[in-house]
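Participant: The amino acid sequence is not available; the structure is as follows:
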């Protein structure tokens, strides 16, 4: 099957889905249907956070955790995930709780989980909670070196960023088999991440 055939038939082929994210989406559906996501969304993510932490602390030879009973295919979590904090930060930017007709999507939950992972890594490296600075992301015209100096004011001079970045190859950044195009904005975001 050629690449163009795969692209045309994308919706016709079954895709592997993450059962944890699907379960989270199903749990959030109740709040959305009842128009209560604004009041219960953060609490629901706190509950997810609690279940994940309990799952992390469960020894391998112990009975399955509550999370594993709900999602039997759940894997191992290597860090804590501040899901409530990640949901609130994501909601501040994308206003998930203000929607009336479109429920939270699989990809949005995945983005919240990714953000929680970044917050966890940044918090564990520095010993502090990660502060989201939306002006760095939103203001592309400002001088990047000046922004880095302002952000690093009072921070230790040791490296506190991620030690490795990987891309999942789902064609969100570049086409299959291609390289990054000349995109200074994307390059700047990657640089700021490091």
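Facilitator: Cool, got the structure. Note that this is a predicted model, so its numbers are computed, not measured. Residues are numbered from 1 along each chain as shown.

Participant: Find the helix or strand that residue 45 is a member of.
Facilitator: For residue 45, the host element (DSSP states H and E) is helix 37-57.

Participant: next helix or strand past that helix?
Facilitator: helix 66-70.

Participant: Give me the helices and strands touching whichever helix or strand comes after that following helix, please.
Facilitator: Per DSSP H and E, helix 66-70 leads on to helix 83-94 as the next helix or strand towards the C-terminus. Under the contact criterion of 3 or more CB pairs under 8 Å, 6 or more residues apart in numbering; DSSP states H and E, helix 83-94 touches helix 37-57, helix 106-126. Every C-beta, even on glycine, is put in place using the N, C-alpha and C of the backbone.

Participant: what comes up buried for the first one?
Facilitator: Neighbour-count burial for helix 37-57 flags 37, 40-42, 44-45, 48-49, 51-53, 55 (criterion: 16 or more other CB atoms under 10 Å).

Participant: which regions of the chain lie under the pLDDT threshold?
Facilitator: For the chain, applying pLDDT under 70 flags the ranges 1-16, 124-181, 194.

Participant: before we move on, back to that, adding distance to residue 193, write the buried residues of helix 37-57 out as TSV.
Facilitator: Compiled in TSV, the buried residues of helix 37-57 are given as follows (distance: CB to CB, whole Å):
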residue	distance to residue 193
37	29
40	32
41	27
42	26
44	28
45	23
48	25
49	23
51	29
52	24
53	26
55	28
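
Participant: which of the residues you listed lies closest to residue 21?
Facilitator: residue 48 (10.5 Å; CB to CB).

Participant: Go ahead and confirm that closest one touches residue 23.
Facilitator: No - using CB atoms under 8 Å, residue 48 is not in contact with residue 23, being 9.2 Å away.

Participant: For residue 190, what are phi and psi?
Facilitator: The phi/psi pair for residue 190 (degrees, to the nearest 10) reads phi -60, psi -40.

Participant: check contacts around the residue nearest to residue 87 when sequence neighbours are not counted.
Facilitator: Spatial nearest neighbour of residue 87, chain neighbours left out: residue 45 (4.2 Å); criterion: CB to CB, 6 or more residues apart in numbering. Contacts of residue 45 were listed using CB atoms under 8 Å, 6 or more residues apart in numbering, and they are 83-84, 86-87, 112.
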